[in-house]
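Student: Give me the fold of what follows.
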Amino acid sequence: MIGYMRQQLLFCFLLCVPCIMIAQVGGNTTYNFLRFSPSARITSLGGSAIASVQADPSFAFQNPSLINAAMHNRFSFQQSVYIAGSTFGTASYSYSLQDRSLPITLFSGLTYVSFGQFNATDPVGNITGQFNASEYALVLGASYQFSPFLTAGINIKPILSYLGPYNSFGIAMDMGATYCDTAKNITLSVVFRNIGSQFSTYARNGNLEPLPFDIQIGFSHRLKYIPLKFSVILHDLHQWGIVYDDPALSSDQILLSDGQDQSDNSALMVVDDIFRHFIFNLELLFGKKGKEEIFRVSAGYNHQTRGELGVSTVNNLSGFSFGFGIRIKQFNLDYGFGAMHYSGASHHIGLSVNIDQFLKGSSR
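Tutor: You can find the predicted model right below:
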């Protein structure tokens, strides 16, 4: 009875959190690197995998309730190369306390992005020097397993941002709950991401900027007789309109549009806006050693990315992603490709290692 009451209180609390949040339109927030995909495998899945329970601790960056005992004493390092020489990466480690009869698993991680070097100029355009721009977030998280089916978690994220001579500090929090039925191969998750505030602004006495708050719901299912797992993710559920209304553009990017100007077709615009909240992905999983697959192939589609970065006059893969992963002894290697604009894409590589198995192999 006590366990059931805990579950009900948890869900009530999670449902009440967004009531105190103010919806923000994309582009009006700061620390937007918090939206980036934290791993190669997640990049290949369309940029989100909040309903996929894995042994890789990098999955905990997006949903703290995915922190689980299978991540015990595992380390993950992920590195991505973006457009124009900017780089993004994460490092993470997880430790479980279940051997002490506590259904708690701890998580720590670091997210960093470097935008490269820029020229500093005076008001008339003369170069006066150079400066760097980078941002960091330290992530400390924990999950509590209420039952074999239900896990809840929380991440706390101090954030530092350096844009040349200007800097900013803030703190964000993620809260999530995951229901996982291993017998039916079904997982359902809800996450409230980036709850928090900026505490110091880039400009002295400047206005505080909002963080990229997001409410997400994810569902995944692995088929029984086919080695296929698919997921559907809904994001930005706290606001309806996430389409930037640019009067200079026609509706060529509207879902199912025939490429003609259909700015007066409100039905197509509504359909397009609905699908911009969706991310679809799937994985083909081959072989199994213990609880992990030996080889996997992944693909995803993010309609918001295609709608915002796709070019109607050029055939391109904006919004599509794919990748693969392989397990070699105690190591997991992953590669993810995320198509953004036709002029560039994200290439993501990742390495995770089971430290216990690595130390046993080294001692032989």
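
Student: On the C-terminal side of the helix or strand of the chain with the lowest mean pLDDT, identify the next helix or strand.
Tutor: Every helix and strand in the chain was compared by mean pLDDT, DSSP states H and E; the lowest is helix 2-16, with a mean of 40. For helix 2-16, the succeeding helix or strand toward the C-terminus, using DSSP states H and E, is helix 40-44.

Student: Could you list every helix and strand in contact with that next one?
Tutor: Secondary-structure packing of helix 40-44 (3 or more C-beta pairs under 8 Å, 6 or more residues apart in numbering; DSSP states H and E): strand 74-81, strand 295-302, strand 320-328, strand 331-339, strand 345-354. Yep, even glycine has a C-beta here, placed from its N, CA and C like the rest.

Student: would you turn these into TSV with distance to D56?
Tutor: What follows is the helices and strands packed on helix 40-44, written out as TSV (distance: least, C-beta to C-beta, whole Å):
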stretch	distance to D56
strand 74-81	6
strand 295-302	12
strand 320-328	9
strand 331-339	7
strand 345-354	5
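
Student: Which one, of these, ends up nearest to K289?
Tutor: Nearest to K289, of all the helices and strands packed on helix 40-44, is strand 320-328, at 6.7 Å by C-beta to C-beta.

Student: Dump the helices and strands packed on helix 40-44 to TSV, plus mean pLDDT.
Tutor: TSV is the format used below for those (pLDDT from 0 to 100):
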stretch	mean pLDDT
strand 74-81	95
strand 295-302	96
strand 320-328	96
strand 331-339	95
strand 345-354	94
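
Student: Out of those strands, which gets nearest to P165?
Tutor: strand 74-81 (26.6 Å).

Student: The closest one: how far from the chain's middle?
Tutor: 14 Å (C-alpha atoms, centre = their mean, to the nearest Å).

Student: Extract the residue ranges of this protein that are flagged as low pLDDT.
Tutor: Judged by pLDDT under 70, the chain has its weakly predicted residues at 1-27, 244-265, 290-291, 313, 362-364.

Student: At which residues are the helices of it located?
Tutor: Remark: helices assigned in the chain by DSSP state H are 2-16, 40-44, 266-275, 303-309, 355-362.

Student: tell me the contacts of G344?
Tutor: Y82, I83, A84 (C-beta atoms under 8 Å, 6 or more residues apart in numbering).
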